[in-house]
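Participant: Below are the sequence and a predicted model for it; my questions follow.
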Amino acid sequence: MNLSTIRLSDFFKGIVLKKLTPTETDPAVSNGHEYQGIKAFLEVFGKPENGEKIYMDFTYLYVSDNELGVEEAAGQLSCYDCRWNQEKRAAEYRLYYKDNVVTEKTKAGDYLILAEKKDGSLWAIVIERDSQALSDILLSFNINSESNLQKFAEISQETLRKRDISPLVASLLHALGIPHPNDNEILGEMLEKFGEHFPATGVFSAYARSVSNYPDANAASADEVIVDWYNTEEYLFHTFENYLINKRLNESLSPESFLEYAKSVLNRRKARAGQGLENHLESLFLARNVRFSRTPLTEGKSRPDFLFPSIEAYQDMNSPEDLLHMLGVKTTCKDRWRQILVEADRIQKKHLLTMQPAISSSQTDEMIKHGVQLVVPLSIHDSYSAKQRLWLMDVEDFIAEVRTSQTLLRIS
């Protein structure tokens, strides 16, 4: 299943974005309600002429990693030349916004995307700083998270034509009224297979692999396979979940029933979040003949996600420690990467696999300091700085290292 059948250029006439500053967001710094650095905005959306003041109605969205999803509000921008009729002075355009529930939540460091769809509708999308949502969107736009975007920058049509989209970006497109071409077909298939209930996580992961581009794990590189499996499951999950939630919300629910249902949805998301990726890695390791133990008990209550080549080899004090490996798995790191530091005491160098793009240099420096080696699929490497890429491992690298150790331990 190819998520790249969507190209953002098919739906958007123009897109600009910038990183918001305290002056633009914090009433304690400035209450001017003005967006700054607007040259690219004027080039994409047009300039007011003859002293007019133009008003543009936008639909605002606030996107974060909050499990409750996307928040929406109506908003308006106004733009004019504040130096009109000052013949000896160059034009100076101002762009102001009116308050709404989204702008009131916005903080410095959040990103603002202003977009015009080809149907003429205008969208202002605020992406929470340091969120997985922001990382995915910047990767889709081919922008490094450490870029200094204090002014609006235009996203070229060439970039929008070439970039594949992540499942998270696909979900955002749903909020903009842009369904994925496969939605109806794949939803019908899932309803026929599973009824109107999610199956066990392992069953759903296996289904995602079976309908992915690579049902055979050896049909492409380990990096391509794991990204495709992960993206396929994420897309399937959100497609199925959206259907189930909308169906339930169309029923008559008491406030208590609604809250209970919302709680069950959040619990399902949290329980599934990392398990799917671990399921896919397990299948990949089996296909590549890599020996491992999954979530074995090591010291105390410690259970690393994967231990190589086995818990038996780990417990054998004759096994050289430098030939033992552990792998923690987290779809996103944030500060949770430190959890693996207390797992598998015999292994000093901890490997951590994540699907998170564009982790900051300060955070990866901390990982290096604590002996953590980050493993990231190759297609995500470009979101990291040149210096970080010299240190990153991809999935093929990791499998090769583990298999070499397995050979030296004489384990077949």
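Facilitator: Thanks, I have it. Residues are numbered from 1 along each chain as shown.

Participant: In the stretch 151-300 of the chain, where is pLDDT below threshold?
Facilitator: Across the stretch 151-300 of the chain, the ranges flagged by pLDDT under 70 are 163-168, 171, 175, 181, 252-255, 257-259, 261-262, 264-267, 270, 273.

Participant: Apply 90 and report the result again.
Facilitator: 156-186, 197-198, 231-232, 234-274, 299-300 (pLDDT under 90).

Participant: show me where the stretch 301-412 of the chain has helices.
Facilitator: In the stretch 301-412 of the chain, the segments counted as helices under DSSP state H, counting those that start in this stretch are 311-315, 361-369, 386-391, 395-408.

Participant: got these as a markdown table, with mean pLDDT, distance to residue 43 and mean neighbour count columns?
Facilitator: C-betas here are computed from N, CA, C, even on glycine. Formatted as a markdown table, the helices of the stretch 301-412 of the chain follow (pLDDT from 0 to 100; distance: least, C-beta to C-beta, whole Å; neighbours: other C-beta atoms under 10 Å):
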| stretch | mean pLDDT | distance to residue 43 | mean neighbour count |
| --- | --- | --- | --- |
| helix 311-315 | 94 | 59 | 17 |
| helix 361-369 | 94 | 31 | 14 |
| helix 386-391 | 93 | 29 | 12 |
| helix 395-408 | 94 | 41 | 17 |
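
Participant: export these to CSV and tack on distance to residue 172?
Facilitator: Shown next, in CSV, are the helices of the stretch 301-412 of the chain (distance: least, C-beta to C-beta, whole Å):
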stretch, distance to residue 172
helix 311-315, 41
helix 361-369, 24
helix 386-391, 26
helix 395-408, 26
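
Participant: so which of the ones you listed comes closest to residue 229?
Facilitator: Nearest to residue 229 among the helices of the stretch 301-412 of the chain is helix 395-408; the distance by C-beta to C-beta comes to 11.4 Å.

Participant: which residues are contacting that closest one?
Facilitator: Outside helix 395-408, the residues that touch it by C-beta atoms under 8 Å, 6 or more residues apart in numbering are 221-223, 226, 284-285, 288-291, 308-309, 322-325, 327, 351, 353, 375, 377-378, 393.

Participant: ok, back up a step: for residue 335, which of the helices of the stretch 301-412 of the chain is the nearest?
Facilitator: helix 361-369 (8.4 Å).

Participant: what's that closest one packed up against?
Facilitator: With contacts taken as 3 or more C-beta pairs under 8 Å, 6 or more residues apart in numbering; DSSP states H and E, helix 361-369 sits against strand 372-375, helix 386-391.

Participant: So what's the residue count around the closest residue to residue 73 other than its chain neighbours?
Facilitator: Nearest residue to residue 73, sequence neighbours excluded (C-beta to C-beta, 6 or more residues apart in numbering): residue 100, at 4.0 Å. Neighbours of residue 100 under the rule other C-beta atoms under 10 Å: 18.

Participant: mind listing what residue 100 touches?
Facilitator: Residues near residue 100 by C-beta under 8 Å, 6+ apart: 60, 73-75.

Participant: and the gap between it and residue 367?
Facilitator: Plainly put, residue 100 is 39 Å away from residue 367 if you go by C-beta to C-beta, to the nearest Å.

Participant: again with residue 49
Facilitator: Using C-beta to C-beta, we find residue 49 at a distance of 53 Å from residue 367.

Participant: now swap in residue 180 and tell me
Facilitator: Computed as C-beta to C-beta, the residue 180 to residue 367 distance reads 35 Å.

Participant: Which members of the contacts of helix 395-408 are classed as buried?
Facilitator: With burial judged by 16 or more other C-beta atoms under 10 Å, the buried subset of the contacts of helix 395-408 is 221-223, 226, 284-285, 288, 290-291, 308-309, 323-325, 327, 351, 353, 375, 377-378, 393.

Participant: How far does stretch 52-70 sit from its chain's centre?
Facilitator: Centroid separation for stretch 52-70 versus its chain: 19 Å, with C-alpha atoms, centre = their mean, to the nearest Å.

Participant: Can you give me the buried ones in it?
Facilitator: Buried, per 16+ other C-beta under 10 Å, within stretch 52-70: 56, 58-64, 70.

Participant: among these, which two are most distant?
Facilitator: It's 56 and 64 that sit farthest apart of the buried residues of stretch 52-70, by C-beta to C-beta, at 24.5 Å.

Participant: surely residue 81 meets residue 54?
Facilitator: No - when contacts are counted by C-beta atoms under 8 Å, residue 81 is not listed as touching residue 54 (10.4 Å).
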